[in-house]
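Colleague: Okay, predicted coordinates and the sequence, questions at the end:
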Amino acid sequence: MSDKPSGPPAGPPPAGPPPTPPSSTAFTQESVEAEMNGFGQGPARTSHRETIRLPVGFELGNGELATEAEVRAVTGADELYIGMSSQYNRNPNDLVYKTLLLSRTITRIGPKTNITMSDVGKMHALDVRALEYAVYRLTYGEENVPPEEPGPGG
C-alpha cells in the first residue's frame with residue numbers, strides 16, 4: 001500500500017472566486033478602445049492607414065517622383081510571413097527583416113500599390129527611416145517610439 005494520501009488535500013475549500021486585479025490594471029472595452037483610437041494614445045487598429053511624406057521621394061517606373069506613401073500597423077500575419085520566408089531564413093538579420101516588413105506594411109507609394117522588397121531596396125535611406133518610424137508608431141503607439149538616432153543606421 002502507498003503512503004501517499006488519495007483524493008483532494010485536507011482543509012476547507014477556497015472561499016469564493018479568485019481576487020480581481022487592482023483597477024489600475026483592469027481592462028475594460030472602453031479603455032482598450034480609447035487606447036486604440038487616436039494618435040499618441042497607444043497602438044492604432046491594423047485597419048488604420050497613415051499617409052507619410054517621403055523626405056526624398058521614390059522614382060516610379062515612368063520617371064515620376066512619388067513623395068507620399070501610405071503605411072499600416074504590423075500584424076501577426078506579417079511576423080509569421082517573415083519568420084517563414086526563405087529570404088529571412090537564408091539571412092536572418094535586421095536589414096532583411098526590416099525590408100520584408102516594409103514591403104508588407106507599405107500599402108502605397110504614390111499610385112503604386114504592389115510594393116516589393118526590390119522597391120524598398122531602391123528607396124533613399126531617409127525615406128526608409130520615415131516609413132519605419134511611422135509603422136513603429138502605428139504598431140506600438142507614439143509613447144513607445146524609440147528616440148531617433150542620428151545617421152543612417154537606425
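Modeller: On my side now, so go ahead.
Colleague: Each with direction, which strands does the helix or strand hosting Thr51 pair with?
Modeller: Per DSSP states H and E, Thr51 falls inside strand 49-59. Partners of strand 49-59 in the sheet, by DSSP bridges, are strand 65-72 (antiparallel).
Colleague: model confidence over the partner strand, on average?
Modeller: What strand 65-72 shows for mean pLDDT is 98.
Colleague: Name the surrounding residues that touch it.
Modeller: 46-54, 57-60, 105-112, 127, 131, 134-135, 138 (C-beta atoms under 8 Å, 6 or more residues apart in numbering). C-betas here are computed from N, CA, C, even on glycine.
Colleague: Weed out the non-buried ones from these.
Modeller: Buried subset of those (neighbour count, 16 or more other C-beta atoms under 10 Å): 46, 50, 52, 54, 57-58, 105-106, 108-110, 112, 127, 131, 134-135, 138.
Colleague: out of those residues, which are inside helices?
Modeller: Thr105, Asp127, Leu131, Ala134, Val135, Leu138 (DSSP state H).
Colleague: And the pLDDT for the nearest residue to the first one once chain neighbours are set aside?
Modeller: So the one you mean is Thr105. Using C-beta to C-beta, 6 or more residues apart in numbering and skipping residues adjacent in sequence, the residue nearest Thr105 is Val135, 4.8 Å away. Listed pLDDT for Val135 reads 95.
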